[in-house]
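[1] based on what follows, work out the 3D shape:
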Amino acid sequence: MALSIGKTAPSFSLASTSGLTLSSSADLKGKSFILYFYPKDFTPGCTAEACEFRDQFEAFRELAIPVFGVSRDSIEIHLKFKKAHKLPFELLSDPDGSVCKAYDALIPFIKMPKRVTYLIDESHKIAGVFSEMFESKGHINSMLAKLKK
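    Residues are numbered from 1 along each chain as shown. Okay, here's the model as predicted:
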């Protein structure tokens, strides 16, 4: 079960494909953003989801909403994935799964991230959530619909 709308989003600091550590409380203070969790780079469903975010990226940019993908993959794997699919957004590495767990996006026994997408508002409250493991396009469409309201 994903975090509820209205709940305060957990703070995080994760290594990013930009080479910097992204801190939600510092770098994203006062900003809305999309945080999507996914199981693994280079798998069919995760590739489809990342490419859909890529293909719809201009719509998020026009709304001034940065997009961040999170999995337990290393930065090295993320960089290869980002390059292979020309992803225009940052991927964040959560190797120990602690941020995935904080966002209730970790499958307990296998410690693999679930496919869940959050819209975090400027006060860092959960403003939208879509949690469907096998529906990659629905995540993007749900977030865009929420943003355009």
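
[2] where do the helices sit along the chain?
    24-27, 44-55, 57-62, 75-84, 98-102, 136-148 (DSSP state H).

[3] wait, which of those helices is closest to Thr117?
    helix 136-148 (4.1 Å; C-beta to C-beta). Heads up, the C-betas are built off the backbone N, CA and C, glycines and all.

[4] pull up the per-residue confidence for Lys146.
    What the model reports as pLDDT for Lys146 is 71.

[5] and for Pro108?
    pLDDT, Pro108: 83.

[6] that one and Lys40: what is the separation?
    Distance of Pro108 to Lys40, computed by C-beta to C-beta, to the nearest Å: 17 Å.

[7] which one of those two has more residues nearby?
    Set Pro108 next to Lys40 and count neighbours by other C-beta atoms under 10 Å: Lys40 wins out with 15 against 7.

[8] surely that one meets Cys46?
    Yes - if you go by C-beta atoms under 8 Å, Lys40 and Cys46 touch, sitting 5.8 Å apart.

[9] what residues are shared contacts of these two?
    Counting by C-beta atoms under 8 Å, 6 or more residues apart in numbering, the shared contacts of Lys40 and Cys46 are Ser71.

[10] low pLDDT regions in this protein?
    Where the chain drops to pLDDT under 70, the residues are 1, 132-145, 147-149.

[11] can you do 80?
    Within the chain, the segments meeting pLDDT under 80 span 1, 131-149.

[12] neighbours around Gly69, how many?
    Neighbourhood size, Gly69 [other C-beta under 10 Å]: 26.
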